[in-house]
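Student: Could you look at this predicted model? Sequence included:
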Amino acid sequence: MLVQRLVYRAQLLTGHEDEGKRILNETVLPEDVLTLSVFRFHRNLFFYYECAAALRTPDELFPALNTHLETVPFAEEKRHYVRMNEVFHYNRPTENDPWRDKEQGQPFGRLNRLRPEMISSYIFYHNQLQEEKPGCGDKYGLIALNENLMFFYEERPYRIEKALYKGRLDTHNTPGGWGELMAQHFLPWEDTDAVWRDDLELVCFKRCQIIGKF
């Protein structure tokens, strides 16, 4: 069964940080959720999780949390979560091959912001990299985007594994000087010189106890 990887963002109501954290940690997840991590940056929450069966939404997983979240503006119907779109991965799950085992690292989340006029360029270069060089970085590394805000999920220590699939490109056009090239795409933060900020709090971390079957 193909494992699905999902990233969502939400925003806590002012003063609801402690109650939100309590609900997240007291909720029991279904067995087909292999791993789930929730990171907090100020009142912003970032959810990363993996499903091995039905495609589950955060509303299904944490129904008691909704009363502590802001409503998403401009939505056609009332909702509390925005799904972030995956724009890059080093590796991906495949059918009938194990994605998770008992030797797992610890989740780590980072944030960055793209210059709006550079979003398409960033996606182009990263798609090229992931399809020319699958498996070239942390197995669980994934970047998701909402508007121009990027969330980067990793696990540490990094785990490098050869991809069990062939990339979609046979070219070799990924440029050198990657760091310098990417630096042109990012907006600076007002309060730190860091490019990718890693001062997010891991407020919830859950992992399936029968993980060896997926």
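Tutor: Now that the structure is in, tell me what you want to look at. Numbering: from 1, shown residues only.
Student: Just give me the longest helix of this structure.
Tutor: helix 119-132 (DSSP state H).
Student: What is the burial count for Asp18?
Tutor: Asp18 has 10 neighbouring residues, counting by other Cβ atoms under 10 Å. Yep, even glycine has a C-beta here, placed from its N, CA and C like the rest.
Student: list the buried ones in the helix or strand that contains Glu60?
Tutor: Glu60 belongs to helix 58-61 when assigned by DSSP states H and E. When burial is assessed from 16 or more other Cβ atoms under 10 Å, helix 58-61 yields the following buried residues: 58, 61.
Student: Which of the three states applies to the nearest residue to Leu6 once chain neighbours are set aside?
Tutor: Setting aside the residues directly before and after it, Leu6 is nearest to Tyr49 in space (Cβ to Cβ, 6 or more residues apart in numbering), at 5.7 Å. Taken by DSSP: H, G, I helix; E, B strand; the rest coil, the conformation at Tyr49 corresponds to strand.
Student: my guess is Tyr49 contacts Leu24, does it?
Tutor: No: under the criterion of Cβ atoms under 8 Å, Tyr49 makes no contact with Leu24, lying 11.6 Å away.
Student: Run the chain-centre distance for stretch 70-90.
Tutor: Chain-centre distance of stretch 70-90: 13 Å, with Cα atoms, centre = their mean, to the nearest Å.
Student: Tell me which residues of it come out buried.
Tutor: Across stretch 70-90, burial judged by 16+ other Cβ under 10 Å covers 80-81, 84, 87-90.
Student: residue boundaries of the strands in this protein?
Tutor: Using DSSP state E, the strands found in the chain span residues 4-11, 33-41, 44-51, 82-83, 85-89, 106-113, 142-146, 149-156, 201-207.
Student: TSV for the ones you listed, including mean pLDDT and distance to Gly20?
Tutor: Putting the strands of the chain into TSV (pLDDT from 0 to 100; distance: least, Cβ to Cβ, whole Å) gives the following:
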stretch	mean pLDDT	distance to Gly20
strand 4-11	97	9
strand 33-41	96	8
strand 44-51	97	7
strand 82-83	96	16
strand 85-89	98	24
strand 106-113	97	16
strand 142-146	98	19
strand 149-156	97	18
strand 201-207	96	8
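Student: Out of these, which is closest to Phe186?
Tutor: strand 106-113 (5.8 Å; Cβ to Cβ).
Student: Not counting its own residues, what contacts the closest one?
Tutor: Applying Cβ atoms under 8 Å, 6 or more residues apart in numbering, the contact partners of strand 106-113 are 35, 37, 39, 41, 46, 48, 148-156, 186-187, 189, 195-198, 200, 202, 205.
Student: The residue nearest to Leu6: how many residues sit nearby?
Tutor: Tyr49: 21 surrounding residues under other Cβ under 10 Å.
Student: same deal with Asn146?
Tutor: When neighbours are defined as other Cβ under 10 Å, Asn146 has 15 of them.
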